[in-house]
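Novice: Here is my input, please return the structure:
(chains A and B)
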Amino acid sequence: MPNAAGGGYDTESRLLQPLLARRLGADIVIDNQAGAGGLVGARAIAGARPDGATLGILGVPGLLVASLMGETHAPDPVTAFTVLGRIARSWHVWGTGASSPLSTIDAVVAASARRPLICAINEAGSANFVSVTATAALLGIDVEFVGGFAGTRSACLAAMRGDVDLVCFNFETIGDLFKAGDLRPLLQVSVERIAKDRVLDDVPVLGGADGYAARHARSRGRDAGATGEAADGLAQVMGGGRILVAPAGLPAAIGRCLADAVGDVLASAELRASTTRVLDTAPAEAARADVLLAARMAPRLLPALRAALARMRA
Amino acid sequence: MLEFTLQAAWEGLGLVFSWPNILYPLAGTLLAMTVAFLPGVSGVTLMALAIPFTLTWEPLPVVLTFGGLVGGATFMGSITAILFNVPGTGPSAATLLDGYPLAEQGHARTAIGCAAFSSALGSTFGILVLIALVPLMTRAILAFGPPELLLLLVWGLSTIVVITRGEVVRASIATGLGLLLALVGHDPLTGELRFTFGSLFLWDGIGLVPMMLGLFSVAEMVDLSVSGRATISKMRGAGALTGSVVDGARAVFANFGLFVRSALIGTIVGIVPGVGGTVASFLAYGHAVQTAKDPERFGRGDIRGVLAPEAAHDAKDGGALVPVLAFGIPGSDATAVLMAALLLHGLAPGRELMTDKLPLVFVLIWSLFLSNWVTSLVGVMLVGPLARLTTLRVRVVAPLVFTLAAVGAFADQQRIGDVVLAFGFGAAGYYMKKHGWPRIPLVVALLLGAGLERNLHITSRLYELGRIDLTARPIVFGLVALIALNLVVPHVRARRAREVRA
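Specialist: Model prediction:
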């Protein structure tokens, strides 16, 4: 578990622990190896003996973004692991303070022609940062970043206070602020509507054939098809999800057995009953295909990322 | 609104103090206290372990139990700080400054009694303020933006430097050193690595827990072993111990003004998101020293040095629930796990929790309240045998404390490198103690360094982008005044003292 007890994905691993243990008839011990934004744990899983005794949970976007940022310690999610299934998947949403005059994404695009927009992030190099730089490049928006916020909520408070114009985080982590009316959702960084929640009713979706990115490009006389594809790629990377893995090189029989067991647990009614959180689960095959796709799309985010980093350092 | 809040508070009170509901917080408290005796298992780990067991429970017993676990988890920290100079948790590091000297003088009973009583009363104070604040929660939190946080942290640092009287230069150097150590690891703004020498171990910076265990516990035990003293309390046999729980409790009333101000400091620090209990304790300690007529007595076993941090620390618990419940910003590891447990049961922090589910919030508050009183009561009941531990031979205690320090350093993040770090800081701490270098500024600077850097950057960046209107931020001016007072008052006092002598 690449997070500390109680943090990150730890809660999810503790949800799965009893169910998977019963299904496999095995004892499961959770070993929290936090550190370096999850890289310590990810490396420990990748380096373990591939005998089926070591499993782990990984965040795909985090690993992909770490290697985009040139982090040599980050294991490759495609080659270093055997994917056993996806536990959850989450999508970024752009939001603004409830009292901000920028009440729609159209207003944001219009305002950007007059002045740069200010976006709060935790740190340059986080998945959210990369997500905003890529989206802003697609929409031709000028964004200035204010980094250093100690967590998602602190950044959201800055938006609520009106210190910044924008935030962009996972819907699952800030959805409650939308529902409470503290923040207003502006844009769903996904291919289709993220969730059924009413707060997302009139919120445009970035990707998809007739998504916001494609429409925006068309209105400016640019190639709508290529822009839409780029938007889909971005959504695929950021929605890479949280996956359950074993080290690469697992013997085929063990891999099948584990993937079946994980598949059963992830699809079980018991797992759904144990939490009110919406889990977007997928069995091994589908999860693996999504990870491959995300890894293939990730390098396309590099130009926008490099431009944003160069601008920040200047 | 106030009527609605009071009604919810009353309903919550009824839910906690009814049969068999009351068993949950009591069991949670006792479990957390028992576990705190075992080295290597922290209260936070216990709470994380409890999550899968409570998955099938209804929300009410979950809230009742976790309230107890949060309250009980902090119990042993102050006791080991007083008895062995081992801060069990961050916040209790301020308690050892005067608590341990009291134990050395044979007054462990007084110190523990005072700590127990002051923390229980402090928690009551914090909860009363919390009840009054429920309707104003959102505004209270939004009032503290990056510039306010920055100045609060600067105020904290200046307080710590100023209280180390006569050692201002050395304290400033130690503060600078601490700030430098706080830079190690991931740059919070750009994500770049600083001073990590290619090692993943240093990515997350220097840990506060191994540093404190080294600087205080290890260093103290080395000093004790070298000194040739036979026991911590300088006394053989329990018969020679003086002081009593009643003396400790009486000290709280004798210094009631200080108690109220310390509890208030704790509550306010608790409300400010992202600033933990350790800051609260040290600020209250600093305040106690600053406002005393005889500040030179602190650090040598002054009961006020136990009273103030303990009151602030437990008063903070009430205030700290404000950012957690209203916005989901945990101020400590314990509240982070608490939030995870609440979320799993569909109790998401925010408006809904603070309106429709307000009685459940009060269930949490009251079980925390109950837990704080139970821990203090049990602490007082155990005071006799605990105080006798200070008459153990040094040759028995020192290896025990070294072991506890090693296990504690490891248990924090399960990294063996932290054990090495703790003993490295032990050597540094012994040197500092021998040569009259203050150790607190080093710890506090490391603790506050990251927040200081973050908020300095955010503030200057927002100012540069024209997003900070100082005229709309009255708290900024208040904090600037407090910092100015910190810098001016010692000089005025020193001059007056010179005039009196002349």
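Novice: How about the residues of the stretch 351-500 of chain B by chain A?
Specialist: For the stretch 351-500 of chain B, the residues found near chain A under the criterion Cβ under 8 Å from any Cβ of the partner chain are B:351-352, B:413-415, B:450-451, B:453-455, B:457-458, B:461-462, B:465, B:467-468. Placement of C-beta: from N, CA and C, glycine included.
Novice: Just the buried residues from the residues you listed, in PyMOL please.
Specialist: For selection in PyMOL, the members of these meeting the burial criterion (16 or more other Cβ atoms under 10 Å in any protein chain shown) are listed in this command:
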select buried, chain B and resi 351+413+414+415+450+451+453+454+455+457+458+461+462+465+467+468
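Novice: among the residues of the stretch 351-500 of chain B next to chain A, which are in strands?
Specialist: Judged by DSSP state E, these include no members of strands.
Novice: which non-adjacent residue is nearest residue A:166?
Specialist: In space, not counting the residues next to it along the chain, residue A:166 is nearest to residue A:119; the distance is 4.2 Å by Cβ to Cβ, 6 or more residues apart in numbering or on different chains.
Novice: Tally up the residues packed near residue A:30, please.
Specialist: Residue A:30 has 15 neighbouring residues, counting by other Cβ atoms under 10 Å in any protein chain shown.
Novice: sorry, that was for residue A:26
Specialist: Other residues close to residue A:26 by other Cβ under 10 Å number 11.
Novice: Nearest the middle, which residue of chain A would you pick?
Specialist: By Cα atoms, centre = their mean, chain A has its centre lying nearest to residue A:238, at 4.0 Å.
Novice: got a list of what the residue positioned nearest the centre of chain B touches?
Specialist: Chain B has residue B:91 as the residue nearest its centroid, 2.1 Å off, counting by Cα atoms, centre = their mean. Each residue near residue B:91 by Cβ atoms under 8 Å, 6 or more residues apart in numbering or on different chains is listed here: B:74, B:77, B:276-278, B:280-281, B:309, B:313, B:316.
Novice: neighbour-wise, which of the residues you listed leads?
Specialist: Per-residue neighbour counts (other Cβ under 10 Å) across those peak at residue B:309, which has 39 neighbours.
Novice: thinking it is in contact with residue B:94, fair?
Specialist: Yes. The criterion here is Cβ atoms under 8 Å, and residue B:309 meets it with residue B:94 at 3.7 Å.
Novice: still on that earlier bit, make sure the residue nearest to the centre of chain B is indeed in a strand.
Specialist: No. Checked against DSSP: H, G, I helix; E, B strand; the rest coil, residue B:91 lies outside a strand; its state is helix.
Novice: For the stretch 51-200 of chain A, which residue gets nearest to chain B?
Specialist: Among the residues of the stretch 51-200 of chain A, residue A:125 lies closest to chain B, at 3.1 Å counting by Cβ to the nearest Cβ.
Novice: now the helices: where do they sit in the stretch 1-150 of chain A?
Specialist: Defined through DSSP state H, counting those that start in this stretch, the helices belonging to the stretch 1-150 of chain A, from first to last, are A:10-24, A:39-47, A:60-68, A:105-112, A:127-139.
Novice: need those helices in a markdown table with mean neighbour count and distance to residue B:109, can you?
Specialist: Listed next are the helices of the stretch 1-150 of chain A as a markdown table, based on neighbours: other Cβ atoms under 10 Å in any protein chain shown; distance: least, Cβ to Cβ, whole Å:
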| stretch | mean neighbour count | distance to residue B:109 |
| --- | --- | --- |
| helix A:10-24 | 20 | 40 |
| helix A:39-47 | 20 | 45 |
| helix A:60-68 | 24 | 52 |
| helix A:105-112 | 17 | 64 |
| helix A:127-139 | 24 | 53 |
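Novice: now those helices in CSV, with distance to chain B?
Specialist: Putting the helices of the stretch 1-150 of chain A into CSV (distance: least, Cβ to the nearest Cβ, whole Å) gives the following:
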stretch, distance to chain B
helix A:10-24, 5
helix A:39-47, 6
helix A:60-68, 9
helix A:105-112, 14
helix A:127-139, 8
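Novice: For residue B:287, find the nearest of those helices.
Specialist: Comparing the helices of the stretch 1-150 of chain A against residue B:287 with Cβ to Cβ, the closest turns out to be helix A:10-24 (36.9 Å).
Novice: what packs against the closest one?
Specialist: Using 3 or more Cβ pairs under 8 Å, 6 or more residues apart in numbering or on different chains; DSSP states H and E as the contact criterion, the secondary-structure elements in contact with helix A:10-24 are strand A:81-88, helix A:252-267, helix A:269-273, helix B:43-53, helix B:333-344.
Novice: can I have that helix written out in CSV, keeping just the CAs?
Specialist: The C-alpha coordinates for helix A:10-24 follow below in CSV (Å, rounded to 0.1, in the frame of the first residue of the first chain):
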residue,chain,number,x,y,z
ASP,A,10,-5.6,2.9,2.3
THR,A,11,-9.3,3.0,3.0
GLU,A,12,-10.0,1.2,-0.2
SER,A,13,-7.5,-1.5,0.6
ARG,A,14,-9.2,-2.0,3.9
LEU,A,15,-12.5,-2.4,2.2
LEU,A,16,-11.2,-5.1,-0.1
GLN,A,17,-9.1,-6.9,2.6
PRO,A,18,-11.7,-9.0,4.3
LEU,A,19,-13.6,-9.8,1.0
LEU,A,20,-10.5,-10.8,-0.9
ALA,A,21,-9.1,-12.8,2.0
ARG,A,22,-12.4,-14.8,2.2
ARG,A,23,-12.5,-15.4,-1.5
LEU,A,24,-8.9,-16.5,-1.7
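Novice: got the contact list for that helix?
Specialist: A:1, A:3-4, A:27-28, A:30, A:32, A:57, A:87-88, A:242, A:244, A:258, A:261-262, A:264-265, A:268, A:270-271, A:274-275, B:48, B:51-52, B:55, B:340, B:343-344.
Novice: Over to stretch B:396-413?
Specialist: Outside stretch B:396-413, the residues that reach it (Cβ under 8 Å, 6+ apart) are A:4, A:34-35, B:39-42, B:45, B:80, B:84-86, B:88, B:204, B:207, B:209-210, B:213-214, B:217-218, B:220-221, B:224-225, B:231-232, B:389, B:416, B:418-419, B:421-423, B:426.
Novice: Can you tell me which of those residues are buried?
Specialist: Among the contacts of stretch B:396-413, the ones that count as buried by 16+ other Cβ under 10 Å are A:4, A:34-35, B:39, B:42, B:45, B:80, B:84-86, B:88, B:204, B:207, B:209-210, B:213-214, B:217-218, B:220-221, B:224, B:231-232, B:389, B:418-419, B:421-423, B:426.
Novice: Now the residue lying closest to residue A:49 once chain neighbours are set aside: phi and psi?
Specialist: What sits nearest to residue A:49 in space, not counting adjacent residues and going by Cβ to Cβ, 6+ apart, is residue A:247, at 7.2 Å. The phi/psi pair for residue A:247 (degrees, to the nearest 10) reads phi -60, psi 160.
Novice: okay, now residue A:247: neighbour count?
Specialist: By other Cβ under 10 Å, 22 other residues sit near residue A:247.
Novice: measure it to residue B:188 for me?
Specialist: For residue A:247, the distance to residue B:188 (Cβ to Cβ, to the nearest Å) stands at 32 Å.
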